[in-house]
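1. Model the following, please.
(2 chains)
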Protein chains: 2
Amino acid sequence: MGDLNSDRLSGPGEFGLIRKLTSGLLRHHPSTRLGIGDDAAVLDYAGFNIVVTTDLLLEGVHFDLDYVPLRHLGYKSVIVNLSDICAMCAVPLQITVSLGISPDMGIHEVEELYNGIRLACNRYSVDVIGGDTSASRSGLTISITALGAARQGQLVYRKGARPGDLICVTGNLGAAYLGLLFLQRESRLSKENPDFSPNPDAYPYLVGRQLKPEAQTDLVDHLLSRDIRPTAMIDLSDGLSSDLLHVCEASGTGSRIDCDKIPLHDETVRFSEEIQASPLVAVLNGGEDYEILFTAGQEDVKIISEIPGVTVIGSMTEGKAGNWLILPDHSTVPMAAGGWDAFRVR
Amino acid sequence: MGDLNSDRLSGPGEFGLIRKLTSGLLRHHPSTRLGIGDDAAVLDYAGFNIVVTTDLLLEGVHFDLDYVPLRHLGYKSVIVNLSDICAMCAVPLQITVSLGISPDMGIHEVEELYNGIRLACNRYSVDVIGGDTSASRSGLTISITALGAARQGQLVYRKGARPGDLICVTGNLGAAYLGLLFLQRESRLSKENPDFSPNPDAYPYLVGRQLKPEAQTDLVDHLLSRDIRPTAMIDLSDGLSSDLLHVCEASGTGSRIDCDKIPLHDETVRFSEEIQASPLVAVLNGGEDYEILFTAGQEDVKIISEIPGVTVIGSMTEGKAGNWLILPDHSTVPMAAGGWDAFRVR
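-> Predicted structure coming up:
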């Protein structure tokens, strides 16, 4: 089984398995414009593009109810799907919500979960159009599918980046994963020592980024209203290294990232110092930031710099040049897909 | 918790909970034509209707790997979704497949599951457009979302039946649930008695209907090619009584079912005799037949009788007349939503 037994199927585990399983699948319909392989699938109906994405969240694998409030979990479950729709440069419109409810959950807890779902839907103007609710023998299961729409020519894939394009990101990176490490540490210390009093307010920003991420619909609005079409887009769910390498692989490019330019929040720097780790490790391998990485032509640099919260962190190169990080001392190290498991506080 | 702890959330349990959870959800987009409440949701894009449905299948709740081969499980997981698309009179086109893979499953078992998924997709010309694959801490989880398409005016809802309309069903009823009872009995006897040798060939049709149901795409083709538009449609997944009562409730009608006319397979009759139960109980409360019930005007009776496998089993009445079964001795009994739990071999 190998990778199937890891906490999360990431890197070669998940992707290799999916490739193996889905090989030999036929494409029967012209309306199926793009299947597996990008942030979302694309359907083409009479001039409209519908994008579809789905995420399965399992208790004990993707979330731990010890430190994740149900309302936040509901909210985040919606966001992770909307993020994939945004990463296609599409507008999220509808979701379906399927829940497998564990035997030890009461009706009020289910309502709390759903309150978070409803909050996210109202915040992002998304309609819940269906779902399936069932008792589960063990563990809460949340499966959400999101649909979005785009005009012809609006969608941006992973594959369009060209050498010389700027690499841009929204917001700041690494905070969500450090928030998880902080919550895990507080939870563990509480269990080990009954006198330990957790301090949820020590890193409120990091905790907020972990528990209540947001989807980058604002970026999509800015791009559409300024008529900028990025050459490639992806959402930062698995860490900068994994996600950028997906874009480079799909586009046939290499990349150079200037580490000095990666936007970090103060708390990201502060908590990294406290745990004596480089914040770069969280940025590169942590994941769950749900920011957007996009690439765009050099000619768009001025207009991109006007979009609030967007930072240029590097540029694409020829594919044969490989993928490199430029460290603050100007030395370079190769970028590798570190993945989720590489950096975990035990 | 009440109903949430039952094996399957059916009847007032599931429906009441869903109603409670989804109350207060806003509808933000004109493209959301129909949300929760029919076999599938309906989206309206520039003259095209997209229908969306989703099912969550959990090990130990919806299936038991003791007697369900993984290939059949994969096949059936697709079919239950396609059935909902057919029940809108739409054509299924695409699915997403999310899998939570339990720690004790090997890669070959996952492939067997996916072989069944692939088989169903090729049989019904459906494209797998995406999904999510993850390790699960406990039990196999399968979440499938299906999309279908229809021209404007083609869709048939639960709500359109009128007094006097004929009630029609495809195929024969009750077989899938008796197949389940047979498999459960053989599995239990095998466990209780090491010398017991299960006989999978005693009721091959019943077992086939339980393990490998089919979707009624042929009915949709027949209706569309003959230009018949049923007044209401639903798929028979929860048993005739529950499903017909959904149509009656949505349409504001009553109903009369002539029990003598309900189509039964020989094995359905034979196994019912063996377990000393009326086959009607399996028909009414068993579920999982994945046949289609539809209603149509009396004027269509001749053309409907030409559709292979369709049987007229009763007619709609005024709502205030209530819902009645006419037994073979011409006595009448009220029809009630028996639900899944009413009839179980212990």
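2. rest of the way, CA atoms for contacts and neighbours
-> Noted.
3. Pretty sure A:I117 sits against A:S77.
-> Yes: applying Cα atoms under 8 Å as the test, A:I117 and A:S77 come out as touching, 7.4 Å apart.
4. you'd agree A:D221 is in a helix?
-> Yes: applying DSSP: H, G, I helix; E, B strand; the rest coil, one finds A:D221 inside a helix.
5. Mind checking which of A:I117 and A:S77 has more residues around it?
-> Taking neighbours as other Cα atoms under 10 Å in any protein chain shown, A:I117 and A:S77 compare with A:I117 leading, 27 against 24.
6. mind listing what's buried in the helix or strand harbouring that one?
-> Take DSSP states H and E as the rule and A:I117 turns out to sit in helix A:107-123. Buried residues in helix A:107-123, defined by neighbour count with 16 or more other Cα atoms under 10 Å in any protein chain shown: A:110-122.
7. what's the nearest residue to A:A337 if we skip its chain neighbours?
-> Using Cα to Cα, 6 or more residues apart in numbering or on different chains and skipping residues adjacent in sequence, the residue nearest A:A337 is A:S242, 4.6 Å away.
8. Dihedrals phi and psi, the one you found?
-> Dihedral angles of A:S242 (phi, psi; degrees, to the nearest 10) stand at phi -60, psi -50.
9. Backbone dihedrals for the residue positioned nearest the centre of chain A, please?
-> Central residue of chain A (Cα atoms, centre = their mean): A:S237, 2.3 Å from the mean position. The phi/psi pair for A:S237 (degrees, to the nearest 10) reads phi -110, psi -30.
10. helices or strands up against the helix holding A:I117?
-> helix A:70-86, helix B:12-22 (3 or more Cα pairs under 8 Å, 6 or more residues apart in numbering or on different chains; DSSP states H and E).
11. and the angle from whichever strand or helix holds A:D132 to helix A:107-123?
-> A:D132 belongs to strand A:127-135 when assigned by DSSP H and E. Inter-element angle recorded for strand A:127-135 and helix A:107-123: 160 degrees (by axes from the mean of the first three to the mean of the last three Cα atoms, to 10 degrees).
12. Quick one: check strand A:127-135 for contact with chain B.
-> Yes: using Cα under 8 Å from any Cα of the partner chain, strand A:127-135 comes into contact with chain B via A:127-135.
13. re earlier: what's the most buried one of the helices and strands packed on helix A:107-123?
-> When these are scored by mean count of other Cα atoms under 10 Å in any protein chain shown, the highest mean neighbour count falls to helix A:70-86 (a mean of 26).
14. Sheet partners, orientation included, of the strand holding A:D132?
-> Sheet partners assigned to strand A:127-135 using DSSP bridges are listed as strand A:91-101 (parallel).
15. Could you tell me the average pLDDT over the strand it pairs with, please?
-> Averaged over strand A:91-101, pLDDT sits at 93.
16. How about residues contacting that strand?
-> Contact with strand A:91-101 is made by A:82, A:85-86, A:110, A:124-136, A:139-150, A:217, A:220, B:4, B:29, B:32, B:53-56, B:58, as judged by Cα atoms under 8 Å, 6 or more residues apart in numbering or on different chains.
17. First-to-last residue distance for stretch A:247-256?
-> Length of stretch A:247-256, first residue to last, Cα to Cα, to the nearest Å: 13 Å.
18. from the middle of its chain, how far away would that stretch be?
-> Relative to the chain's own centre, stretch A:247-256 is displaced by 19 Å; criterion: Cα atoms, centre = their mean, to the nearest Å.
19. So what touches it?
-> A:158-163, A:232-234, A:314-326.
20. Just the buried subset of the residues you listed, please.
-> Those of the contacts of stretch A:247-256 that meet the buried threshold are A:158-163, A:232-234, A:314-319, A:322-326, by 16+ other Cα under 10 Å.
21. picking that back up, please pick the buried ones from the contacts of strand A:91-101.
-> Among the contacts of strand A:91-101, those classed as buried by 16+ other Cα under 10 Å are A:82, A:85-86, A:110, A:124-136, A:139-150, A:217, A:220, B:4, B:32, B:53-56, B:58.
22. and the residue sitting furthest away from the middle of chain A, which of the three is it?
-> Counting by Cα atoms, centre = their mean, the extreme residue of chain A relative to its mean C-alpha position is A:D195, 36.2 Å from that point. Counting by three-state DSSP, the backbone at A:D195 sits in coil.
23. Please determine how far A:R71 is located from A:S77.
-> Distance of A:R71 to A:S77, computed by Cα to Cα: 10 Å.
24. Now do the same contact list for A:E214.
-> A:E214 makes contacts with A:76, A:79, A:83, A:290, as judged by Cα under 8 Å, 6+ apart.
25. redo that, cut-off 10 Å
-> A:75-76, A:78-80, A:82-83, A:120, A:123-124, A:208, A:289-291 (Cα atoms under 10 Å, 6 or more residues apart in numbering or on different chains).
26. now the strands for the stretch 101-250 of chain A?
-> For the stretch 101-250 of chain A, applying DSSP state E, counting those that start in this stretch gives strands covering A:127-135, A:141-151, A:166-170, A:232-236.
27. what separates A:R71 from chain B, distance-wise?
-> Using Cα to the nearest Cα, to the nearest Å, A:R71 is found at 13 Å from chain B.
28. now that residue: how far from A:S138?
-> Counting by Cα to Cα, the gap from A:R71 to A:S138 is 20 Å.
29. do the same with A:F63
-> For A:F63, the distance to A:S138 (Cα to Cα) stands at 14 Å.
30. quick one, which of the two is more surrounded?
-> A:S138 (18 against 13).
31. now the strand holding A:D132: mean pLDDT?
-> Averaged across strand A:127-135, the pLDDT comes to 89.
32. Would you mind giving the orientation angle of it with respect to strand A:141-151?
-> If you take the same axes, to 10 degrees, strand A:127-135 sits at 160 degrees to strand A:141-151.
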